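> this one's sequence-less:
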C-alpha cells in the first residue's frame, strides 16, 4: 500500500534558526517558509535529493506542534510521511485492519497541495504516520 518515503518531519522551536543550520552547516537546499493555518504550522522543506525533511514550527498557540514542543522544548522528530496512490482506499484498508485515522477521517490538503491523513501513533509503534496521496 505505501509508496516511497515522502518526508520526515521535525518540530523545531525556531524555524529560521533550524533552516539556517540545514542550509549553512549541512549545505542543503532549503525552501521558503509556508504557513499552513489549517494544520496550525509553518513549514520549510529541506531537499535531500532522495526525500525531504520538513521543519515544523507552531503557527499560533493552538497548534499541535506547540503541545509537542511543550513536552520536547528542543524539538524532535514529529512524524514520517509515506506516499499512497489512493488515500481513501488506504484509509479504508487501515481502519478495517484496526488502525485509527486521526481527526474526522476526512483528508485535508497538505503542504504539497495533496490530500493527507494522519494515523494514530499508538497503532504504529509510537510513530505518528502521515499518508499523502500523490498523483500517479
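On my side now, so go ahead. Remember, it's a predicted structure, so these values are computed and weren't measured experimentally.

> Which parts of the chain are strands?
5-11, 29-30, 34-36, 41-47, 52-58, 76-84, 108-109, 115-119, 128-133 (DSSP state E).

> Please name whichever of those is nearest to residue 93.
Residue 93 lies closest, by C-beta to C-beta, to one member of the strands of the chain: strand 76-84, at 9.7 Å. (C-beta placed from N, C-alpha, C; glycine too.)

> what bits of this protein have low per-residue confidence?
For the chain, applying pLDDT under 70 flags no range at all.

> biggest helix in this protein, by residue count?
helix 87-96 (DSSP state H).

> out of the strands of the chain, deepest packed?
Most buried of the strands of the chain, by mean neighbour count (mean count of other C-beta atoms under 10 Å): strand 52-58, with a mean of 24.

> list the contacts for residue 23?
29, 30 (C-beta atoms under 8 Å, 6 or more residues apart in numbering).

> Quickly note the distance from it to residue 67.
For residue 23, the distance to residue 67 equals 28 Å [C-beta to C-beta, to the nearest Å].

> cool, and residue 50?
Residue 50 is 31 Å from residue 67, where distance means C-beta to C-beta.
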